[in-house]
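>>> fold the following and give me the result.
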Amino acid sequence: NSFIRSKVFSKIDYFIPVLPIEYDLISKNKYFNAKLLMERGVFRDIDESKFSLYVPSAEGNILLGNSATFTNNHLDIIGQLKDVNIQNRKIIVPLNYGVNKYAELIKNNVDSRYHLLTDYLEYSDYEKLVGTCSYAIFGPIRQQSMGNINMCFFKGIKIFLYSDSLIYKQLKRDGYKVFSIEMDLNEEELRTPLSYNDMIHNQEVNRSITKKNGFKGLNESLQNLA
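All right, here's what the predicted structure looks like:
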């Protein structure tokens, strides 16, 4: 595997990461000498209709994870939420794609506060469901869940991540207002949504990144290769 990986890495001329921090990491491999074509691949243009103008309610639901994959670290977070009183709200857990055995494991470790998504949903229906949330918790340490995370930024949802995850480090570097699972995930913070100013700030950061790394940025990068 190491031999094959080195051969593959040596053949890559240009690279577009999901997160710039990934380019920093992969560049440490001596066989990888690819040029950075774009800072990151957003591959969408700005859609102002996606950006909420209103701060989510303090009593909104909580989104946990993005799929039935062990890299979401659901069980660690479920354990941390065990004694947190969320009142009559729901913790929404998408398990409708991923590994079935893992989904069963999660089902066997949650209580009635959890609303598990096990059936396929149309994107518009999923988007509406996420819109009922005011808080979102993402447990991956590697890059994952960025589609869901961007959706949360659009909607002004308060995001919690592990502080040693690539995502948290990159989002903090970008200037987003995000929170740490280790330090901030508690009952008080799950009753305190983002302020209006923090919501607008996150949306402006997202717009700036998308403007540079959307389809327009991709076209410009490809034209510069010609």
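>>> only the buried residues of the lowest-mean-pLDDT helix or strand in the chain, if you could.
Every helix and strand in the chain was compared by mean pLDDT, DSSP states H and E; the lowest is helix 215-225, with a mean of 88. Residues 217, 218, 221 are the ones in helix 215-225 that count as buried (16 or more other C-beta atoms under 10 Å). Every C-beta, even on glycine, is put in place using the N, C-alpha and C of the backbone.
>>> and stretch 68-84, by the same measure?
Quick answer for stretch 68-84 (16+ other C-beta under 10 Å): 68, 69, 71, 72, 73, 74, 77, 78, 80, 81, 84.
>>> out of those, who's nearest residue 13?
Comparing the buried residues of stretch 68-84 against residue 13 with C-beta to C-beta places residue 71 closest, at 29.2 Å.
>>> excluding chain neighbours, what is closest to residue 216?
residue 45 (6.8 Å; C-beta to C-beta, 6 or more residues apart in numbering).
>>> next, the angle from the lengthiest helix in the chain to helix 215-225.
Taking DSSP state H as the criterion, the chain has its longest helix at helix 196-213. Relative orientation of helix 196-213 versus helix 215-225 (axes from the mean of the first three to the mean of the last three C-alpha atoms, to 10 degrees): 30 degrees.
>>> off-centre distance for helix 196-213?
15 Å (C-alpha atoms, centre = their mean, to the nearest Å).
>>> having no further points to raise, I will conclude here.
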